[in-house]
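Q: quick one: sequence and predicted model below, then my questions.
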Amino acid sequence: GSLLVAEGLRKSYGPTPALDGADFSIHAGEVVAVMGPSGSGKSTLLHCLAGIVRPDAGSVRYGGQELSTLSDARRSALRRGEFGFVFQFGQLVPELTCLENTALPLRLNGVRRKDAEARAAQWLERLEVAAIADRRPGEVSGGQGQRVAVARSLVTGPRVLFADEPTGALDSLNGERVMQLLTDAARDANAAVVLVTHEPRVAAYSDREVVVRDGKARDMAGVG
Ligand code: ADP
């Protein structure tokens with residue numbers, strides 16, 4: 001069955017709806033690309049799916065639980081435990097090394113420093129950035145920084161990885177390398193990936209594409 005299912009999502013910030021009847025579903029371990037032009041509602045869809053934004057109408061169910069019925073505390077626990085996030089700009093903490101950045105989600109979940117850093121080191125290895133573990137984000141390239149952000153997003157063993165334009169700040173060669181590593185690592189970890197992008201070359205790494213237009217999403221499961 002589906003891991004995450006959204007039906008009839010509507011969300012407005014002003015007179016024009018950002019989401020105007022969006023359906024979406026993803027199975028465990030699947031990589032789905034959410035495509036569409038700028039301003040079509042892709043990020044709003046992702047934020048609703050991840051329980052960051054509350055839709056005005058419609059439902060989001062994760063593992064059978066309706067997100068809107070959960071307490072704020074339970075919803076944040078879900079985000080910290082079951083979900084991982086990668087954004088366009090890695091949003092690494094500048095004062096921490098790449099290793100410390102990668103270990104941070106585990107530290108926040110109460111894992112001891114030594115264990116957290118050992119697991120973080122394995123993920124940096126997996127993303128082929130072990131060599132820069134002791135550098136700060138300001139001392140690494142954009143592509144290396146995004147690989148660290150991917151390592152950090154997977155270190156807690158999430159079931160769903162939300163990636164919003166993860167290669168948007170990279171040139172196409174680095175972007176493709178990051179996508180290859182991200183999708184391989186997520187598949188190894190059996191994490192589903194919700195990938196927001198407007199670039200067909202990036203979407204090509206997905207199993208399936210969902211197109212958002214004017215806030216309406218067409219989930220093409222079983223169609224193509
Ligand atoms: P996309 O990710 O496809 O570029 P978004 O979901 O970011 O689209 O935005 C959809 C529409 O909602 C746009 O018109 C955008 O300006 C508007 N919007 C998104 N987030 C906000 C917000 N926090 N406040 C006001 N308007 C927003």
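A: It's in.
Q: next SSE after the helix or strand hosting residue 46?
A: Using DSSP states H and E, residue 46 sits in helix 42-49. Downstream of helix 42-49, the next assigned helix or strand under DSSP H and E is strand 57-62.
Q: picking that back up, show me what the helix holding residue 46 is packed against.
A: strand 2-12, strand 17-27, strand 31-35, strand 57-62, strand 160-164, strand 192-196 (3 or more C-beta pairs under 8 Å, 6 or more residues apart in numbering; DSSP states H and E). All C-beta spots, glycine's among them, are computed from the backbone N, C-alpha and C.
Q: swap in 6 Å and give it another go.
A: Contact analysis of helix 42-49 by 3 or more C-beta pairs under 6 Å, 6 or more residues apart in numbering; DSSP states H and E lists strand 2-12, strand 17-27, strand 160-164 as its packing neighbours.
Q: just the pLDDT for the most centrally placed residue in the chain.
A: The residue lying closest to the centre of the chain (C-alpha atoms, centre = their mean) is residue 162, at 1.5 Å. Listed pLDDT for residue 162 reads 97.
Q: who's in contact with it?
A: 46, 50, 85, 194 (C-beta atoms under 6 Å, 6 or more residues apart in numbering).
Q: ok so, going back, export the helix holding residue 46 as CSV, just CAs?
A: C-alpha atoms of helix 42-49 as CSV (Å, rounded to 0.1, in the frame of the first residue of the first chain):
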residue,chain,number,x,y,z
LYS,A,42,5.2,22.3,-5.9
SER,A,43,6.8,23.6,-2.6
THR,A,44,3.4,24.1,-1.0
LEU,A,45,2.5,20.5,-1.9
LEU,A,46,5.8,19.3,-0.3
HIS,A,47,5.2,21.4,2.8
CYS,A,48,1.7,20.0,3.2
LEU,A,49,2.9,16.4,2.7
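Q: any idea what residue 22 is bridged to?
A: The partner list for residue 22 in beta bridges (DSSP bridges) reads residue 9, residue 217.
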